[in-house]
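J.: The sequence and its predicted three-dimensional model are supplied below.
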Amino acid sequence: MPIEFEAKVLEIDADGIRDRMVAAGGRPAGESLMRRFVYDVQAGDTSRWIRLRDDGRQATLTMKEIAHDGIDGTSETEVVVSDFATTHELLRRIGFEAKSYQENRRESYELAGARLEIDTWPLIPPYLEIEGDSRAHVIEVAGLLGTGEEQLTGENTTKVYARYGIDLGTIAELRFG
């Protein structure tokens, strides 16, 4: 499975980071409401899961595997699917029951060949995701924004929620009000 080189910068000032991205040459790449179902591959195994996501333009089905919380700690295999609802029904029929439905808002940018996302989720402060071609690329782009490597985390969203005392695994539907 391909490695995903990605890091988060937590508790950002969205306006400030947006201004820094644009000042560094970043280009807006759209905004979307992300909808997703999350399915366990094996009950109790938090290191692997299936995600069905719709960003308003396309739906994708992804297998995620976490080796560690570093920038290069996640592998993913992803395929575009033609229909969000039908794929959800197909997964249900072959035995995968969604453990949760989740929404977040995403504002996307491109900077120095990297993809940057201001992600806003219910109940927690917004964070920035930086996805690049390598670990070094992610750190380099973070530096363009004045963010040091020590401020980056590769933690998944479940662990980010845990930082705020929220067990995401107990929330069957995470939606905006």
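T.: Received, thanks.
J.: C-alpha only now, for contacts and for neighbours.
T.: Will do.
J.: mind listing the strands for this structure?
T.: 3-9, 27-40, 48-54, 59-66, 74-81, 98-111, 114-120, 127-132, 173-174 (DSSP state E).
J.: mind giving me a markdown table with those strands and columns for distance to His88, mean neighbour count and mean pLDDT?
T.: A markdown table is the format used below for those (distance: least, C-alpha to C-alpha, whole Å; neighbours: other C-alpha atoms under 10 Å; pLDDT from 0 to 100):
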| stretch | distance to His88 | mean neighbour count | mean pLDDT |
| --- | --- | --- | --- |
| strand 3-9 | 24 | 23 | 96 |
| strand 27-40 | 8 | 17 | 97 |
| strand 48-54 | 7 | 21 | 97 |
| strand 59-66 | 10 | 19 | 97 |
| strand 74-81 | 10 | 16 | 96 |
| strand 98-111 | 8 | 19 | 98 |
| strand 114-120 | 24 | 22 | 98 |
| strand 127-132 | 26 | 24 | 98 |
| strand 173-174 | 15 | 15 | 98 |
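J.: just checking, Ser32 touches Asp55?
T.: Yes. Taking contacts as C-alpha atoms under 8 Å, Ser32 lies within contact range of Asp55: 6.0 Å.
J.: Would you reformat the strands of the chain as TSV and include distance to Leu144?
T.: What follows is the strands of the chain, written out as TSV (distance: least, C-alpha to C-alpha, whole Å):
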stretch	distance to Leu144
strand 3-9	13
strand 27-40	14
strand 48-54	30
strand 59-66	27
strand 74-81	23
strand 98-111	9
strand 114-120	11
strand 127-132	12
strand 173-174	33
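J.: Out of those strands, which gets nearest to Gly154?
T.: Nearest of the strands of the chain to Gly154, taken as C-alpha to C-alpha: strand 3-9 at 4.7 Å.
J.: The closest one vs strand 127-132, what angle?
T.: 150 degrees (axes from the mean of the first three to the mean of the last three C-alpha atoms, to 10 degrees).
J.: Between strand 114-120 and strand 3-9, find me the angle.
T.: Going by the same axes, to 10 degrees, strand 3-9 makes 50 degrees with strand 114-120.
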